[in-house]
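**Student:** Okay, sequence plus prediction incoming.
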Amino acid sequence: MPKLRISKTKIWVTLISLLLVFYLVVMVQRSFTLMFVSPEWQAKLMGAAYFLIPFVAAWALISEVLFGARTEKLARILESEGGLPEDNLPRTPGGRIVRAAADAEFEKYKDEAEMAPGDWRSWFRLSCAYDASGDRKRARKAMRDAVAMYRAG
C-alpha cells in the first residue's frame with residue numbers, strides 16, 4: 001500500500017479553499033436576500049450583480065487548483081525520469097536565488113525549449129528557469145504550455 005503524502009501546503013490550500021467556498025455560499029445567500037426580499041430596485045440590481053461574483057471566484061479557484069494538480073503530476077513524472085532541473089543555484093544570505101546566476105542558467109533551458117518546441121518536458125524546465133529568474137508571468141505561461149502539450153499528446 002503506497003504511503004499517503006500530504007504536505008503542509010496542501011493542507012493550507014485545502015483549508016483556504018474550504019473557507020472560500022463557505023464565503024461564496026454566504027455570498028449567494030446574501031444575493032438572494034437582496035434580490036427577492038428587498039423592495040428597492042437598486043438593492044435587487046445589486047443583489048443580481050453580487051450573485052455573479054461567487055461563480056467567477058469558483059471558476060478561478062477550480063482553475064488554480066487544477067493547474068497546481070496538473071503541474072504536480074508533471075513534476076512527479078519528470079522526477080521519476082530524473083529530468084527535473086537541479087536546484088544548485090547560489091543564494092543570497094536571505095535565501096533568494098542570485099539573479100545573475102539564474103539568468104545565466106536560463107539560457108540553457110531556453111535553448112532546450114527552442115530545439116524541442118513540442119516537448120512538454122523542456123517547457124516545464126523552461127518554466128522553472130523563468131521562475132528562478134524572477135519572471136513569474138512567463139513561468140506560469142510556460143507551465144500552462146507544458147501542461148497543454150502533455151494533455152494533447
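**Tutor:** Great, that's in hand.
**Student:** which parts of the helix or strand containing Lys10 are buried?
**Tutor:** Assigned by DSSP states H and E, Lys10 belongs to helix 8-36. Neighbour-count burial for helix 8-36 flags 24, 27, 31, 34-35 (criterion: 16 or more other C-beta atoms under 10 Å). Glycine gets a C-beta too; all of them are placed from N, C-alpha and C.
**Student:** Stretch 67-79 too?
**Tutor:** 70-71, 74, 78.
**Student:** contacting residues around Tyr109?
**Tutor:** 85, 122, 125-126, 128-129 (C-beta atoms under 8 Å, 6 or more residues apart in numbering).
**Student:** got JSON lines for those, with secondary structure too?
**Tutor:** As requested, the contacts of Tyr109 are arranged in JSON lines below (DSSP: H, G, I helix; E, B strand; the rest coil):
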{"residue": "Pro85", "secondary structure": "coil"}
{"residue": "Ser122", "secondary structure": "helix"}
{"residue": "Arg125", "secondary structure": "helix"}
{"residue": "Leu126", "secondary structure": "helix"}
{"residue": "Cys128", "secondary structure": "helix"}
{"residue": "Ala129", "secondary structure": "helix"}
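**Student:** pLDDT-wise, what's the bottom of the residues you listed?
**Tutor:** Ranked by pLDDT, these bottom out at Pro85 (86).
**Student:** my guess is that one meets Leu126, correct?
**Tutor:** No. Contact criterion C-beta atoms under 8 Å: Pro85 and Leu126 do not qualify, at 9.5 Å.
**Student:** So for those two, which residue has more residues nearby?
**Tutor:** Leu126 (26 against 18; other C-beta atoms under 10 Å).
**Student:** Contacts only, for that one.
**Tutor:** Leu126 touches 109-110, 112-113, 142, counting by C-beta under 8 Å, 6+ apart.
**Student:** Relative to Val65, which of the residues you listed is nearest.
**Tutor:** For the contacts of Leu126, the residue nearest Val65 by C-beta to C-beta is Ala142; the value is 19.7 Å.
**Student:** count of neighbours near the closest one?
**Tutor:** With other C-beta under 10 Å as criterion, Ala142 counts 24.
**Student:** contacting residues around it?
**Tutor:** Residues counted as contacts of Ala142 (C-beta under 8 Å, 6+ apart) are 113, 123-124, 126-127, 130.
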